[in-house]
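In: structure, please.
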Amino acid sequence: MRQVIAIVAGALLLAACASGDKKRPVPPAPEVPEAGNLPAQDLADGECALFLWTQGAPRRFIYFSKAGSQTAETMLTETQQTMALVRQGGTLFGQFMTEMDYTTIEGETMSLRITPGEMVEGGQKISTGRIKLLNDGGWETVIPVAGLRACQPDAE
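Out: Below is the predicted model of the structure:
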């Protein structure tokens, strides 16, 4: 009798699992576009900026933001895009924070996390960092970056 009850209970449990709610299929991962290169950037006397390149070969200049600006120029695909700063956090280094979040007009989000490195004449190296992109399907793309926080000296 116990065996019959166990078999019936098992069959009912198996039937409940098989007829349960079907989960929505996960959308496929987006193709990761190849980053382009931003054009050369000029700084006025006394102005500072953050310059970031991809860490993979070939290195590509993909991020630029002037100190005090509420925007950043990016080239995360083959198209240059201006992103609006929506949040800053972390630690202050120079005129920048180690955590910055951006958004585009289309609502795409980008987060930047950087680790400042050694000081150099006129600035500071960015030893490591990552740009994380989140698309509307929920997929994240992570781009390792390195770079420099640099200032143009005042004219004498």
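In: and the strands in this protein?
Out: Ranges of strands in the chain, per DSSP state E, are 48-54, 61-66, 71-74, 81-93, 96-103, 109-120, 123-134, 140-151.
In: will you turn those into TSV that also has mean neighbour count, mean pLDDT and distance to Ala40?
Out: C-betas here are computed from N, CA, C, even on glycine. As requested, these are exported to TSV (neighbours: other C-beta atoms under 10 Å; pLDDT from 0 to 100; distance: least, C-beta to C-beta, whole Å):
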stretch	mean neighbour count	mean pLDDT	distance to Ala40
strand 48-54	22	97	10
strand 61-66	22	97	8
strand 71-74	20	96	12
strand 81-93	14	96	17
strand 96-103	18	97	20
strand 109-120	17	96	19
strand 123-134	17	94	17
strand 140-151	18	95	13
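In: tell me which of these sits nearest to Asn37.
Out: Closest to Asn37 of those is strand 61-66 (C-beta to C-beta; 5.0 Å).
In: partner strands of the closest one, with direction?
Out: If you go by DSSP bridges, strand 61-66 pairs up with strand 48-54 (antiparallel), strand 71-74 (antiparallel).
In: CA atoms of it as CSV?
Out: C-alpha atoms of strand 61-66 as CSV (Å, rounded to 0.1, in the frame of the first residue of the first chain):
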residue,chain,number,x,y,z
PHE,A,61,40.0,55.8,-27.5
ILE,A,62,36.4,55.3,-26.4
TYR,A,63,35.6,57.8,-23.6
PHE,A,64,36.3,61.5,-23.0
SER,A,65,34.9,63.9,-20.4
LYS,A,66,36.1,67.3,-19.2
